[in-house]
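**Q** What would the 3D arrangement of this be:
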Amino acid sequence: MHDMRAANNETQRSIVKTLSYSDIFGYPLTKEEVHRFYIGRKKTSKKDIWENILILIKVGVVVNDCERYYLSGRKGLSEARDKKKIYSRNKMPIAIKAANILSLIPSVQLVGLSGSLSMENCNEADDIDFFIITSQNSLWITRIIIYSLLLLLKMNRRKNDNFAMNKICVNMYVSEEELEINRENLFTAHEITQLKVLVNKNKIYERFLYANKWISRFLPNSTISKQKNSSKKNTHKKLQLINKFLYWSQYLYMRRSITKERISLAKAEFHPKDKTEHVLSLYRLKSRTALKFYNFIVKPNQDSSMPINTPGY
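**A** This next block holds a predicted model:
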């Protein structure tokens with residue numbers, strides 16, 4: 001009985017952590033989403049998570065509002081999610097149209113929705129964030145083509161635009177030869193897991209997930225692909241030279257205005273306001289507060305306690 005109680009307490013604490021993270025974005029989770037974005041030490045079944053959600057609801061730590069779950073004391077989140085869902089669904093035809101156009105570019109291997117739209121959590125005035133994977137040795141060639149095409153179609157968001165409602169912002173490019181994202185933290189793991197794929201050529205999305213297996217250390221219930229990156233190396237010398245030339249020319253042009261953007265030959269992260277540290281700091285604060293309340297209400301056995309400052313959490 002003691003072991004079962006300890007396991008349940010650990011699961012309950014992980015559910016509290018999961019809801020603490022979603023609370024940063026004012027986003028209540030469905031039962032399936034609690035399972036998918038579960039922050040814990042190990043993979044946990046839907047049945048186990050559901051049984052422990054019911055316990056947390058019973059003791060007043062978690063609220064069930066229209067089959068969406070969030071921490072107690074946070075009223076109105078379900079209604080807010082409904083409103084943002086409408087805004088998000090109004091943006092989807094624009095996103096799909098743009099993705100279909102970009103898919104015609106041979107070097108575009110993947111187009112994915114990232115950020116708030118991938119979770120249907122947009123405000124009406126938000127732009128549309130795209131994540132792009134390109135074929136080998138073509139990232140900077142592809143970026144020029146995408147930028148020019150979106151400019152021609154009047155769909156692109158410019159860096160200093162204060163109002164960019166429904167504009168396309170390609171905030172990250174990754175080249176096929178370097179699929180691993182070397183930023184192993186909860187925020188990045190969540191962004192990868194919530195990515196909504198609109199274009200997927202040659203199973204590149206599955207290969208991308210395989211290259212980032214590390215996300216399971218943060219989100220153990222996340223899908224782990226078995227599709228290794230087995231693509232042949234592109235040794236086309238002229239293509240490599242053109243790509244390098246465009247990389248350096250674009251880098252030199254952008255150099256003076258670079259803030260927190262990360263740019264290399266095989267990756268380009270256009271996040272002038274990187275949210276990672278801000279979100280993780282808020283998460284640590286919210287999860288500590290929520291777990292203190294949980295400990296006060298439930299008073300779990302000390303043997304079953306799972307420290308919230310475990311590395312990676």
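**Q** contacts and neighbour counts: CA atoms only from here.
**A** OK.
**Q** Now stretch 182-196: buried residues?
**A** 185-196 (16 or more other CA atoms under 10 Å).
**Q** end-to-end on that stretch?
**A** One end of stretch 182-196 sits 20 Å from the other (CA to CA, to the nearest Å).
**Q** sorry, back to before: let me have the buried residues of stretch 182-196 in CSV, extended by secondary structure.
**A** Shown next, in CSV, are the buried residues of stretch 182-196 (DSSP: H, G, I helix; E, B strand; the rest coil):
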residue, secondary structure
N185, coil
L186, helix
F187, helix
T188, helix
A189, helix
H190, helix
E191, helix
I192, helix
T193, helix
Q194, coil
L195, coil
K196, strand
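**Q** Give me the phi and psi angles of E184.
**A** Note on E184: its backbone torsions stand at phi -80, psi 90 [degrees, to the nearest 10].
**Q** For L29, give its distance to S20.
**A** Here the criterion is CA to CA. By it, L29 lies 11 Å from S20.
**Q** Of the two, give the one with the bigger neighbour count.
**A** Just comparing L29 and S20: by other CA atoms under 10 Å the higher neighbour count belongs to S20, 27 against 24.
**Q** can you give me the strands in this structure?
**A** 62-65, 68-71, 108-113, 128-134, 168-175, 196-200, 262-263, 267-269 (DSSP state E).
**Q** Now distance to H35 too, for those strands, in TSV please.
**A** Listed next are the strands of the chain as TSV, based on distance: least, CA to CA, whole Å:
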stretch	distance to H35
strand 62-65	15
strand 68-71	12
strand 108-113	21
strand 128-134	24
strand 168-175	27
strand 196-200	17
strand 262-263	32
strand 267-269	29
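**Q** Quick one: closest of the ones you listed to T289.
**A** Distance to T289, taken as CA to CA, is lowest for strand 68-71 among the strands of the chain, at 10.9 Å.
**Q** List the contacts of R68.
**A** For R68, the contact set (CA atoms under 8 Å, 6 or more residues apart in numbering) comprises 28-31, 78.
**Q** And the chain, what are its domain boundaries?
**A** Per automatic domain parsing, the structural domains of the chain span 2-75+277-304, 88-272.
**Q** Same list (those domains) but as a markdown table, adding distance to D82.
**A** As requested, these are arranged in a markdown table below (distance: least, CA to CA, whole Å):
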| stretch | distance to D82 |
| --- | --- |
| domain 2-75+277-304 | 10 |
| domain 88-272 | 9 |
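**Q** how close does the residue nearest to L195 when sequence neighbours are not counted get to W50?
**A** Spatial nearest neighbour of L195, chain neighbours left out: S114 (5.2 Å); criterion: CA to CA, 6 or more residues apart in numbering. According to CA to CA, S114 and W50 sit 28 Å apart.
**Q** the more surrounded of these two?
**A** Neighbours per residue, other CA under 10 Å: of S114 and W50, the larger number sits with S114, 23 against 17.
**Q** Quick check on the more buried one: phi, psi?
**A** Backbone torsions of S114, given as degrees, to the nearest 10, read phi -120, psi -180.
**Q** so what's it up against?
**A** Counting by CA under 8 Å, 6+ apart, S114 makes contact with 129-131, 191, 194-196.
**Q** what do you get for L153?
**A** If you count contacts by CA under 8 Å, 6+ apart, L153 has none.
**Q** What of S78?
**A** By CA under 8 Å, 6+ apart, the residues touching S78 are 27-28, 65-66, 68.
**Q** got those as JSON lines, with distance to F296 and pLDDT columns?
**A** What follows is these, written out as JSON lines (distance: CA to CA, whole Å; pLDDT from 0 to 100):
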{"residue": "Y27", "distance to F296": "25", "pLDDT": "96"}
{"residue": "P28", "distance to F296": "23", "pLDDT": "97"}
{"residue": "D65", "distance to F296": "23", "pLDDT": "94"}
{"residue": "C66", "distance to F296": "27", "pLDDT": "90"}
{"residue": "R68", "distance to F296": "24", "pLDDT": "96"}
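**Q** Same list, these, but as a markdown table with distance to I86 please.
**A** Putting the contacts of S78 into a markdown table (distance: CA to CA, whole Å) gives the following:
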| residue | distance to I86 |
| --- | --- |
| Y27 | 14 |
| P28 | 16 |
| D65 | 18 |
| C66 | 17 |
| R68 | 17 |
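**Q** Mind picking the two most distant members of the residues you listed?
**A** Y27 and C66 (13.2 Å).
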